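Enquirer: Okay, sequence plus prediction incoming.
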Amino acid sequence: RHIMQTKLVLAVCALLALSQAVSSEEAVVDIGSKPETVKVLTNENFEHLTQASTGATTGDWFVKFYAPWCGHCKRLVQPWEELAQQLKEERANGEAHAVIAKVDVTVEKYLGERFEIRGFPTLLMFSKGKMYKYEGARTTEALAAYAKGGFKDGESVPVPLGENEMPLPQKLMKKVMKPLEKDMKQIWKLHKLAFFVAGGGFFFLGLLMGCCLAPRGGKKEKKA
């Protein structure tokens, strides 16, 4: 009898463990299948999804460029999620609003370089081939007003092309000019006096050569 009771207890425990495992698996599936509210953009999918440089058919995109360790970025998480949920619901009702997205610049370094991200978070609106930088309050209300059209009152610049989006000649030129520009800045930083001396020397040398090579005027001899 003791053995039968032990087996019964073990069987019940096994059933409980199996039930718990199935419940956990279902929970994981539910979480994994839940559609994301804030779109995650990467080096690979950014241009395909946003069509930022062409201003094509995917609409406006409001993108947060952030770093996970940044305190300001952490405080923006909730307002950004609320903004994404609000605009998603309004889009479902037929209203045309921007898609809310984010880029982890510590991972997607190519995008950080392309858009010259120097501080966190940086919020950029991409609309019809133009780029707008948000500098207002980081509340859901202020962000929503901007995303729904307020950005049009701000200044815009053309969306910069990354190396992957450039035509081949432009890409090659950038690869040549980028290290040269870096070297020139370094030389300028360390040897400003040499630049001024060399510039002055070339100026006076040009004047001297101009004087020597210029045709000299003279009196014409009269014919007898």
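Expert: In hand now; what should we look at? Not measured: the values here are computed from a predicted model.
Enquirer: tell me the contacts of K64?
Expert: V38, C73, L76, W80, I100, A101, K102, V103, P121, T122, L123 (C-beta atoms under 8 Å, 6 or more residues apart in numbering). All C-beta atoms are positioned from the backbone trio N, CA, C, and that covers glycine.
Enquirer: shaky segments in the chain?
Expert: 1-35, 166-189, 191-206, 208-224 (pLDDT under 70).
Enquirer: which among the contacts of K64 gets closest to A144?
Expert: Distances from these to A144 were compared by C-beta to C-beta; the smallest belongs to I100, at 9.9 Å.
Enquirer: Run a quick neighbour tally on that closest one.
Expert: 24 (other C-beta atoms under 10 Å).
Enquirer: and if you look at E116?
Expert: Residues near E116, counting by other C-beta under 10 Å: 8.
Enquirer: do E90 as well
Expert: 14.
Enquirer: State the distance from it to E47.
Expert: With the distance defined as C-beta to C-beta, to the nearest Å, E90 ends up 26 Å from E47.
Enquirer: again with G71
Expert: 30 Å.
Enquirer: what do you get for V107?
Expert: According to C-beta to C-beta, V107 and E47 sit 17 Å apart.
Enquirer: who has more neighbours, those two?
Expert: E47 (19 against 13).
Enquirer: for the more buried one, helix, strand, or coil?
Expert: helix (DSSP: H, G, I helix; E, B strand; the rest coil).
Enquirer: And for the spatially closest residue to it that is not a sequence neighbour, the neighbour number?
Expert: Nearest residue to E47, sequence neighbours excluded (C-beta to C-beta, 6 or more residues apart in numbering): E165, at 6.2 Å. Around E165 sit 16 other residues, with neighbours defined as other C-beta under 10 Å.
Enquirer: quick revisit: could you identify the most distant pair in the contacts of K64?
Expert: Going by C-beta to C-beta, the pair spanning the contacts of K64 furthest: V38 and T122, at 15.5 Å.
Enquirer: which residues of the protein fall in strands?
Expert: Under the criterion DSSP state E, the chain carries strands at the ranges 39-40, 61-66, 99-104, 122-127, 130-134, 156-158.
Enquirer: among those, which is nearest Y146?
Expert: Within the strands of the chain, the stretch nearest Y146 is strand 130-134; the backing value is 5.7 Å (C-beta to C-beta).
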